[in-house]
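For reference, the sequence and a predicted model appear below.
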Amino acid sequence: MPVAHLSSVNLYYETHGSAFYPPLIFLHGACETFQISWSKQTPVFAERYHVIGVDLRGHGQSDNPAGLLEIQTLASDVYELLGHLGYTRAHVCGFSGGASTALFFATQYAHALRSLILVSNNMEKDQMRVKNGFWSPERQRREEPVWWKTMEKIHRIDPAILLSWWEALDERNPGYTPEMLAHIAAPALVVGGDRDPIVPLEQSLKLYRALPNAQLAILPGVGHGAPRKPHLFNTLALDFLSRIPHNA
């Protein structure tokens with residue numbers, strides 16, 4: 001299992017596809033792993049791109065010496081990993097918490113972006129998860145026992161601790177204004193589901209309008225999990241990426 005020993009963390013990662021293909025890094029959702037979030041994309045995208053899948057710090061087999069999550073640190077880990085692998089620029093695709101990381105990455109490292117795909121992500125401060133106790137371990141155990149057991153298997157860290165880290169991160173994350181995103185010139189694709197109970201449709205629209213070079217895709221009948229609908233998501237994302245010159 002490849003592990004990148006970075007300046008402040010050891011990150012587990014995988015690569016798929018030829019190293020001669022353009023690099024495409026996938027960032028998973030909160031409390032997930034690369035394999036959990038992107039298993040339906042990896043073999044297809046690896047036919048055209050050098051897929052880089054990472055377990056964000058504190059997730060899966062990656063450690064987290066800091067003992068908390070900061071969006072700035074998650075994004076800088078991704079930037080450092082790309083350098084570790086010998087890349088200066090890459091396509092970046094994130095889902096949910098991974099999309100939050102990707103968006104912050106774009107604000108700080110716009111020079112390192114070939115393109116940006118944001119799936120199921122708020123632009124403003126998250127309100128829905130706070131209202132419904134989304135991060136509560138007790139609720140997760142009670143309402144999603146199968147997922148709880150899965151988390152216990154896939155993470156080195158206690159899932160209750162991981163949930164508390166994300167809850168604290170949600171509280172600290174103030175969201176974005178259009179002015180904060182105006183300098184991101186890379187082509188962007190904003191993807192949402194019209195039945196998403198966590199990311200309201202209005203948030204996807206605001207994000208699309210704020211990014212200078214963005215396209216918008218709202219998937220019909222889809223909730224918070226567009227990558228789980230590969231017949232829709234893969235077609236849209238691959239079409240978007242195919243329109244970007246390999247030397248861009």
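Structure's in. What do you need?

Send me the helix or strand harbouring residue 78 as PDB with only the CA atoms.
Assigned by DSSP states H and E, residue 78 falls within helix 71-84. C-alpha atoms of helix 71-84 as PDB (Å, rounded to 0.1, in the frame of the first residue of the first chain):
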ATOM      1  CA  ILE A  71     -10.000  22.800   5.600                       C
ATOM      2  CA  GLN A  72      -6.700  24.600   5.000                       C
ATOM      3  CA  THR A  73      -4.700  21.600   6.100                       C
ATOM      4  CA  LEU A  74      -6.700  19.200   4.000                       C
ATOM      5  CA  ALA A  75      -6.200  21.300   0.900                       C
ATOM      6  CA  SER A  76      -2.400  21.800   1.600                       C
ATOM      7  CA  ASP A  77      -2.100  18.000   2.100                       C
ATOM      8  CA  VAL A  78      -3.500  17.500  -1.400                       C
ATOM      9  CA  TYR A  79      -1.100  20.100  -2.900                       C
ATOM     10  CA  GLU A  80       1.900  18.600  -1.100                       C
ATOM     11  CA  LEU A  81       0.800  15.100  -2.300                       C
ATOM     12  CA  LEU A  82       0.700  16.300  -5.900                       C
ATOM     13  CA  GLY A  83       4.200  17.700  -5.600                       C
ATOM     14  CA  HIS A  84       5.300  14.400  -3.900                       C
END
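
Tell me the helix or strand right after it.
Next element after helix 71-84 (DSSP H and E): strand 90-95.

roughly how far is that following strand from the heart of the chain?
Going by C-alpha atoms, centre = their mean, to the nearest Å, the spacing between the C-alpha centre of strand 90-95 and its chain's C-alpha centre is 7 Å.

ok, then the element right after it?
Criterion used, DSSP H and E; the element after strand 90-95 is helix 97-108.

Report the buried residues of that following helix.
97-106 (16 or more other C-beta atoms under 10 Å). For glycine as for every other residue, the C-beta is placed from the backbone atoms N, C-alpha and C.

Throw these into TSV and include pLDDT and distance to residue 138, thanks.
Output for these, formatted as TSV (pLDDT from 0 to 100; distance: C-beta to C-beta, whole Å):
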residue	pLDDT	distance to residue 138
97	96	21
98	98	25
99	98	27
100	96	24
101	97	27
102	98	30
103	98	30
104	97	30
105	98	33
106	98	35
